[in-house]
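*Asks:* no sequence on this one, just coordinates:
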């Protein structure tokens with residue numbers, strides 16, 4: 001049992017991020033699927049809509065569950081959210097690039113592409129969140 005506590009103390013944040021990332025990926029893919037399959041919206045526009053919903057969800061879960069940022073001052077929360085959105089805009093650009101390569105150039109399935117892109121951006125998002133956004137507010 002002590003070993004588990006030791007491992008969690010060392011890797012807990014990363015495990016929480018992977019869990020939160022999995023939930024955020026589910027939100028993103030679920031919304032994307034809804035927009036493309038039910039609403040019949042273009043895959044690029046559907047991806048932007050899914051991104052918006054996933055970013056809002058991810059901010060809350062990352063702030064409180066993953067990185068334990070307990071800041072309650074409106075100005076600090078606004079700064080965290082602005083940095084979070086800016087970092088996620090980079091990820092949206094990265095994801096859009098993956099869409100272009102895999103769907104437009106390689107003619108691959110859009111859901112396979114969406115899932116693949118989510119894995120790529122999850123790693124980038126973790127680095128931005130850990131090293132920049134929530135670094136100084138714990």
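*Replies:* Sure thing, it's come through. Every value quoted in this text rests on a predicted model; they were computed, and no experiment measured them.
*Asks:* Can you show me the helices along this protein?
*Replies:* All helices of the chain, identified by DSSP state H, fall at 2-33, 43-61, 74-99, 110-128.
*Asks:* quick one: low-confidence ranges for the chain?
*Replies:* 134-138 (pLDDT under 70).
*Asks:* buried set for stretch 124-135?
*Replies:* Residues 125-126, 128-130, 133-134 are the ones in stretch 124-135 that count as buried (16 or more other CB atoms under 10 Å). Glycine gets a C-beta too; all of them are placed from N, C-alpha and C.
*Asks:* can you redo these as TSV with distance to residue 17?
*Replies:* Below are the buried residues of stretch 124-135 laid out as TSV (distance: CB to CB, whole Å):
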residue	distance to residue 17
125	9
126	5
128	12
129	8
130	8
133	12
134	11
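*Asks:* follow-up on the earlier one: residue 67 is nearest to which of the helices of the chain?
*Replies:* helix 2-33 (7.1 Å; CB to CB).
*Asks:* So what's the gap between that closest one and the chain middle?
*Replies:* Its chain's C-alpha centre and that of helix 2-33 lie 11 Å apart, by CA atoms, centre = their mean, to the nearest Å.
*Asks:* swap in stretch 34-46?
*Replies:* With CA atoms, centre = their mean as the basis, stretch 34-46 stands 19 Å off its chain's centre.
*Asks:* what comes up buried for that stretch?
*Replies:* For stretch 34-46, burial by neighbour count (16+ other CB under 10 Å) applies to 35-36, 41, 43, 46.
*Asks:* need the helices of the chain in a markdown table with distance to residue 68, can you?
*Replies:* Converted to a markdown table, the helices of the chain look like this (distance: least, CB to CB, whole Å):
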| stretch | distance to residue 68 |
| --- | --- |
| helix 2-33 | 8 |
| helix 43-61 | 12 |
| helix 74-99 | 13 |
| helix 110-128 | 15 |
